[in-house]
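In: Give me a model of this one.
(2 chains)
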Amino acid sequence: MNPLERYAPLVDDEEAFFEACDRPLPSVVRVNGIKTTVERARSALDAGDVGYEATDWHPGILKLDERGPGTTWPYFHGWLHGQEEVSALPALALDPQPGEVIWDACAAPGSKTTQLADLMDDTGTLIGNDNNLGRLSALRHNAERLGVSNLVVTNQDARNYSLKPFGEDTDDPEAIDAFDRALVDAPCSCEGTIRKNPDALDRWTMNHVHSVAGIQKGILRRAVQATREGGTVVYSTCTFAPEENEAVLDHVLGEEDCQMVEWDAPDGFETALGVTEWDGDEYDPSVELAHRVYPHHNDTGGFFCAKLEVTA
Amino acid sequence: MSDDTGDQRPENDGQRFDRLPATSDERVVAGRPTREEVVGWWEQRYGLPPETWDGHTFWEKGNGKIWAFAADLVSPNPVEGLGLRILRARQEHWKPSTNAVQRFCGAASKNVVLLDEDEAETFARGDDQELERWEGDWGYVVAAHEFEGAVEPIGVGLYLHGELRSTVPKGRQEDLS
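Out: Take a look at the predicted model:
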């Protein structure tokens, strides 16, 4: 059975949902504001006869007509980065400010991380962590190509992330004791990437969903603990499974000092509410404030994104 | 940090990041470049205004690999990466990195070799080329081209004996023709 069929009761238009899941995704790039402007990047693509269309909701996120961006001058200069359209959402939800201390718990290969750096005007401290040492080299390569200079790369298990290397609880004037904001773009069953990876569901099992949900809860709890009172935590996945989305939020809302906050998706970007009931379970009603993105909504991959505020 | 006993100065520990001393008066680790030397080198060699670096701290990891970071952190630090690797010091001719040149050398005014379209494509492919017209310094130069109304750095060239060698790393080389 196609695992996606379990979500048919959740979607508004079942037929459109399954049709969209079968279509390949367009090639999309994000303009890197650290090295150029949207105007210059678009002008360079025009001059190179590279066809593109700006997305409805963001002038710097461009759908290319054909090939990938790799063999163009603006890409060579680090003006563009290949990034799936929907994966630009969590950085916008986090809304990092220049000069802040930001934690990206699961950063590799770095599309969202480098977008965070851009939103911070490449200032402040952006800590990009990943537990997979092999994937860290991709993160570093992408960050350097894009000219990012505010990134600290670490290799820890995010579930018990330690701030000791940053001088936590010392009187060093540069010590970091807490983050202003944290992004948990969690490892997941990746159902929403089916349009990019047609074999994404080949190894799908309910056991994997449950085991990865345990990891997600651990990382999100640590993110809330390590973020200052009043700070922001964003949780995102590329899966439809409520067990990995709303159920994770429900668990962390019960265990840690945090609350869901409202966040409006960009104008022109359609999303659905988080679900409060699934498979006999009921979740905290506030998880409705999360955003579900189905592939037929905006012709993207599937996605889930929620914004939390730390309350103590 | 190891204890500094007697006259022996501590040596560089290549496994961690150490903030560069501001000036030679503050230098503790033997052979470590100072912030003053790094800023001065970019200015003297490429005409980069010293204020380019006002927001950045400088760090050494490995043997002479110098990194620029947009904020500050406790030092020493065991993290995997810190900002952007900008140059290789602790050798006779310091070598800037491709990524630093692309990011910062739009403001360079010296030792910038301006390439035409074919030459720029040759350079980006990683190929060496004869370039007799260059009358500036030998050694590491900024290779650039006119692009979108400005001089845009492409990477680091090594100019010797009438030849411009491309040092674009393998993973960054592209056929853009």
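In: Specify the next element, helix or strand, located C-terminal of the longest strand along chain B.
Out: Longest strand in chain B, counting residues (DSSP state E): strand B:150-160. Where DSSP states H and E defines the elements, the next helix or strand beyond strand B:150-160 is strand B:163-166.
In: Pull up the pairing partners for that next one, direction included.
Out: With DSSP bridges as the test, strand B:163-166 is paired with strand B:129-130 (antiparallel), strand B:150-160 (antiparallel).
In: tell me which residues in the last one are buried?
Out: What that stands for is strand B:150-160. By neighbour count with 16 or more other Cβ atoms under 10 Å in any protein chain shown, strand B:150-160 contains the buried residues B:151-159. Using the backbone N, CA and C atoms, a C-beta is placed for each residue, glycine as well.
In: cool, and stretch A:182-199?
Out: Neighbour count says stretch A:182-199 has A:182-195 buried, by 16+ other Cβ under 10 Å.
In: Quick one: mean pLDDT for it?
Out: For stretch A:182-199, the mean pLDDT works out to 93.
In: mind checking the end-to-end distance for it?
Out: End-to-end distance for stretch A:182-199: 31 Å, by Cα to Cα, to the nearest Å.
In: and it, how far from the chain's centre?
Out: How far stretch A:182-199 lies from its chain's middle: 10 Å, per Cα atoms, centre = their mean, to the nearest Å.
In: try stretch A:282-289
Out: 21 Å.
In: do the same with stretch A:12-24
Out: Distance, stretch centre to chain centre, for stretch A:12-24: 22 Å (Cα atoms, centre = their mean).
In: which residues touch that stretch?
Out: A:4, A:7-8, A:11, A:194-196, A:272, A:294-296, A:299, A:302 (Cβ atoms under 8 Å, 6 or more residues apart in numbering or on different chains).
In: Can you name the residues bridging to the residue nearest to residue B:80 when sequence neighbours are not counted?
Out: Once flanking residues are discounted, residue B:80 sits nearest to residue A:153: 4.3 Å by Cβ to Cβ, 6 or more residues apart in numbering or on different chains. Residue A:153 has these beta-bridge partners by DSSP bridges: residue A:128, residue B:81.
In: how about the residues of chain B that lie near chain A?
Out: When proximity is defined as Cβ under 8 Å from any Cβ of the partner chain, chain B approaches chain A at B:55-56, B:68-75, B:77-85, B:97, B:99, B:102-103, B:124, B:147-149, B:152, B:154, B:171-172, B:174-176.
In: Sort out which of those residues are buried, if you could.
Out: Using 16+ other Cβ under 10 Å, the buried ones in these are B:55-56, B:68-71, B:73-75, B:77, B:79-85, B:97, B:99, B:102-103, B:124, B:147-148, B:152, B:154, B:172, B:174, B:176.
In: Show me the strands in chain B, by range?
Out: Secondary structure of chain B, counting by DSSP E: strands at B:18-19, B:57-61, B:65-69, B:81-82, B:84-88, B:95-96, B:112-115, B:129-130, B:139-147, B:150-160, B:163-166.
In: how far does the longest one sit from the chain's center?
Out: In terms of Cα atoms, centre = their mean, the centre of strand B:150-160 is set 12 Å apart from its chain centre.
In: ok and the longest helix belonging to chain B relative to strand B:139-147, angle-wise?
Out: Determined from DSSP state H, the single longest helix within chain B is helix B:35-46. Interaxial angle, helix B:35-46 versus strand B:139-147 (axes from the mean of the first three to the mean of the last three Cα atoms, to 10 degrees): 60 degrees.
In: The residue nearest to the spatial centre of chain B pairs with what?
Out: Central residue of chain B (Cα atoms, centre = their mean): residue B:96, 2.3 Å from the mean position. In this entry, residue B:96 is beta-bridged to residue B:87, by DSSP bridges.
In: can I get the contacts of stretch A:12-24 in TSV with distance to chain B?
Out: Shown next, in TSV, are those (distance: Cβ to the nearest Cβ, whole Å):
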residue	distance to chain B
A:4	36
A:7	38
A:8	43
A:11	41
A:194	29
A:195	27
A:196	22
A:272	38
A:294	36
A:295	32
A:296	36
A:299	29
A:302	31
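In: Break chain A into its domains for me.
Out: Following automatic domain parsing, chain A resolves into domains at A:3-25+A:84-310, A:26-83.
In: pLDDT weak spots in chain B?
Out: For chain B, applying pLDDT under 70 flags the ranges B:1-8.
In: for chain B, what are the nearby residues on the stretch 51-200 of chain A?
Out: Residues of the stretch 51-200 of chain A lying near chain B (Cβ under 8 Å from any Cβ): A:70-73, A:75-78, A:99, A:122-125, A:136, A:140-141, A:143-145, A:147-155, A:165-167, A:170, A:172, A:174-176.
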